[in-house]
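1. My questions concern the predicted model and sequence given below.
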Amino acid sequence: MTIEPLIRDELHGLRDQIRHFQGGMVASADGMVIAHDLRDIEPDGLAALTAAAIGVAKRLTEATGQGPFEESLTRGTSGYIAAYSAGSSAVLTAVAGPDTNVGRLHLQARRAAARIGALVDTAPRR
């Protein structure tokens, strides 16, 4: 059984739990899409950009002695893009509107990232 439908269910759950949630994606740390729930954003491009951003964030946390990367939040004038470590080799990217409750986004996305990480880390390798 593939884990893609289970991950997509987690992404749909975020849409139900977070007001103004616009979509999510899970990708490998090197930028390969695993599953997504994005409507108006091209997933391959977002996965590549997330991988680049996470690379910088990892270097930043290491250089400042803050430990391994866990999450990153970017705010633009039209909303938020958050990236969360999901297990040892994946990342959950969440896109939300400007009126999103960021605390709720973090709470629900961190929980989803932990569940997704467990799925990814225990999935058979191809």
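-> Thanks, I have it.
2. which residues does the residue nearest the centre of the chain form a beta bridge with?
-> Nearest to the mean C-alpha position of the chain, counting by Cα atoms, centre = their mean, stands Leu92 at 1.6 Å. In this structure, Leu92 bridges to Val26, Tyr84 when assessed by DSSP bridges.
3. Going along the chain, name the strands of this structure.
-> 21-28, 33-38, 71-76, 79-86, 90-96 (DSSP state E).
4. For the ones you listed, state which one has the densest average packing.
-> Sort those by mean neighbour count, taking mean count of other Cβ atoms under 10 Å, and strand 90-96 sits at the top with a mean of 26. Bear in mind the C-beta positions are built from the backbone N, C-alpha and C, glycine included.
5. Just list what that one packs against, helices and strands only.
-> With contacts taken as 3 or more Cβ pairs under 8 Å, 6 or more residues apart in numbering; DSSP states H and E, strand 90-96 sits against strand 21-28, helix 43-63, strand 79-86, helix 102-122.
6. And the last one, what's buried?
-> The one in question is helix 102-122. 105-106, 108-110, 112-113, 115-117, 119-120 (16 or more other Cβ atoms under 10 Å).
7. Same list, those residues, but as CSV with pLDDT and distance to Arg19 please.
-> Formatted as CSV, the buried residues of helix 102-122 follow (pLDDT from 0 to 100; distance: Cβ to Cβ, whole Å):
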residue, pLDDT, distance to Arg19
Leu105, 98, 9
His106, 98, 14
Gln108, 98, 11
Ala109, 98, 13
Arg110, 98, 17
Ala112, 98, 16
Ala113, 98, 19
Arg115, 97, 21
Ile116, 98, 21
Gly117, 97, 25
Leu119, 95, 26
Val120, 95, 27
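8. And the residues you listed, which is closest to Ala29?
-> Val120 (10.2 Å; Cβ to Cβ).
9. That closest one and Ala114: what is the separation?
-> Using Cβ to Cβ, to the nearest Å, one obtains 11 Å as the distance from Val120 to Ala114.
10. Leu46 too?
-> 21 Å.
11. Tell me the spacing between Ala29 and Leu60.
-> Taken as Cβ to Cβ, the span from Ala29 to Leu60 is 16 Å.
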